[in-house]
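>>> I'd like to go over a predicted model; first the sequence, then the structure.
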Amino acid sequence: MTAADGGDGNLANLTLVEAAEAVRTGQATSRALLDACWANLEKANPVLNATIWLDRERADADAKAADRAVAEGKPLGKLHGVPMAHKDMYYQAGRLSTAGSALRRNWRPAITGTAVARMAEQGAYVFGGLNMAEFAQNPTGHNKTFGDCHNPWNPPYITGGSSSGSGAAVAARMTFAALGSDTGGSIRLPAAACGVSGIKPTQTRVSRYGAMPLSFSHDNVGPLCRTARDCARIMTVIAGQDPMDPTSSREPVPDYEAALTGDIRGLRIGVPSTFFLDTVDAPVLAAMEDALAVLQARGATIVRMTLPLMDAVAAYGGIVSRVEAATIHAQWMRDDPQAYGQHISSRMFPGYAIPAPYYIESLSRRGPILRAFAAEVFAKVDVLATPTIPTCLPTLAETDIDHGPPGTEYKFLAVSINTRPFNYLGLPAVSVNCGFDPNGCPIGLQIAGRPFGEARILRVADAYQRDTDFHTGRPGVLS
Amino acid sequence: MNDFPTATEAAIARWFAVAPPNDPGRRMVADLTHTIAAFEALRGSMVFEDEPSSFEAALLATKETGL
């Protein structure tokens, strides 16, 4: 159909934007898109374990209704007829929402989350729930109850988490897009590890209504897709104030897709020389430098710099997430702690020992720290660029706290060291694939910007993807 | 600090009725000494800000304005 389908006519190779256009113009039916995704699902999922539940019967009915609307000439939304599956923590009235946990194995909410509802208003439909870390609480993709999720490029390696199934399913062309959630990197990490694109929006940019909470202060809803343009399409649909989530911002929502001009002339890209590169592996650093050269060739300027306040950001941010997660899970931690994987309950347990004044101090300094950080950093640069994950990917075995030796937790926690700071700061950040490590696993480039600067960081990501083809690669699991 | 993990576990049990779930949990409680050290290092570095909602104001005050 297009160059993007790999020339083999496989509709699942289309990007989200191309798939929506194909349905809108009658070049493809929604049913054909669903069939194409399903074929990849049947091929890859036995290896990846990317799904928790599937509902083909309802998806068939939704596809039929979508195709009928096209035939009848009805107004079509931006996502009309596009089948999707999401991290299994988004509430859809009457449908399963396990949160990846035995504690919610059979739970069916009575409400539908705003992000899912807004995509449905634009014509998308949901065919399944995707694997995830239990209660969105790990950066690797381990899951005690539903089984670990495996990397589509090299299955013994981690997918990144906590939106593990979202990253794996998008990479393996099982879905055109998937919602993830990001409290410390849970969209960007699987995007990086699985070689796809994912954006954590500004704190308050997207409603959290109907998304299982983990940390009231740090939770964000956002998409994982194959391209930055696909992310822009989803963001335009889901962003914006929501009466059901009083924390959501009233800031106007731009057309993020319209901002993707490819023009980054004069853009100043800050590259932190410390913290984000402290533990970087050589292949990751080389891939990031190559990516920066691509952006430089498009007219951007690279500024090497040291970021202020990173010790405070790391210390305070860790407190907020740990205390809020421990609070939310207190009853289950009392009643049924063994229902959690050890890597989940062990990390929550210390949260009960953190004094309330530490927590209040951490929250109350968040605003002043953001102001000071922004004043110093964004006076010099427009965006920041870092590796999303500073090291080559570890294997699932190397990061298995439940079965590994003492000390495994440090390797486990190191995965998210570069993503967590932007949750405390509340800044938007996108991750795109910028190469592969010696094990054939993807490497992610993280681009962060000012609050409500999603359009700018997506423009940078899109500009990068115009000159590179890492985002078009097909993982080995589809061979 | 050798009795720190035991004392901390006892405090958690008293305040929350949550027991140590496993050995990694015990190790992570012991690691709270690093958290305390990080906080100690920050003392005096900033003036206390007593308006918790200022984060939302800061997001707006520092927002992207050009493109």
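Thanks, I have the structure now.

>>> When you work out contacts or count neighbours from here on, use the C-alpha atoms and nothing else.
Fine.

>>> low-scoring pLDDT stretches of the chain, where are they?
Using chain A here. A:1-8 (pLDDT under 70).

>>> Sorry, I should have been clearer: chain B.
Residues of chain B that meet the cut-off, pLDDT under 70, sit at B:1, B:47-53.

>>> which residue ranges form the helices in it?
B:4-16, B:23-30, B:32-42, B:54-61 (DSSP state H).

>>> what does the stretch 1-150 of chain A give?
A:16-24, A:30-48, A:56-71, A:114-121 (DSSP state H, counting those that start in this stretch).

>>> hmm, back to that, closest one to A:Ser431 among the helices of chain B?
A:Ser431 lies closest to helix B:54-61 among the helices of chain B, at 21.3 Å (CA to CA).

>>> Get me the contact residues on chain B for chain A.
Contact residues, chain B versus chain A (CA under 8 Å from any CA of the partner chain): B:8-9, B:11-12, B:16-26, B:28-29, B:32, B:35, B:38-39, B:42, B:48-64, B:67.

>>> try 6 Å this time
Counting by CA under 6 Å from any CA of the partner chain, chain B comes close to chain A at B:12, B:18, B:24-25, B:29, B:49, B:52, B:54-55, B:58-59, B:63-64.

>>> Of those, which qualify as buried by neighbour count?
B:Ile12, B:Val18, B:Pro24, B:Gly25, B:Val29, B:Ser54, B:Phe55, B:Ala58, B:Leu59, B:Lys63, B:Glu64 (16 or more other CA atoms under 10 Å in any protein chain shown).

>>> which residues touch the fourth one?
I take that to be B:Gly25. A:Ser346, A:Phe349 (CA atoms under 6 Å, 6 or more residues apart in numbering or on different chains).

>>> one step back: JSON lines please, covering the residues of chain B next to chain A and showing distance to A:Gly113.
Shown next, in JSON lines, are these (distance: CA to CA, whole Å):
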{"residue": "B:Ile12", "distance to A:Gly113": "34"}
{"residue": "B:Val18", "distance to A:Gly113": "31"}
{"residue": "B:Pro24", "distance to A:Gly113": "35"}
{"residue": "B:Gly25", "distance to A:Gly113": "33"}
{"residue": "B:Val29", "distance to A:Gly113": "35"}
{"residue": "B:Glu49", "distance to A:Gly113": "34"}
{"residue": "B:Pro52", "distance to A:Gly113": "27"}
{"residue": "B:Ser54", "distance to A:Gly113": "27"}
{"residue": "B:Phe55", "distance to A:Gly113": "25"}
{"residue": "B:Ala58", "distance to A:Gly113": "27"}
{"residue": "B:Leu59", "distance to A:Gly113": "24"}
{"residue": "B:Lys63", "distance to A:Gly113": "27"}
{"residue": "B:Glu64", "distance to A:Gly113": "28"}
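
>>> And the furthest pair within those?
Longest span within the residues of chain B next to chain A, CA to CA: B:Val18 and B:Glu64, 43.9 Å.

>>> so A:His150 touches A:Leu48, yeah?
Yes. Assessed by CA atoms under 6 Å, A:His150 is found in contact with A:Leu48 at 4.6 Å.

>>> and A:Cys392, what element?
Using DSSP states H and E, A:Cys392 sits within no helix or strand.
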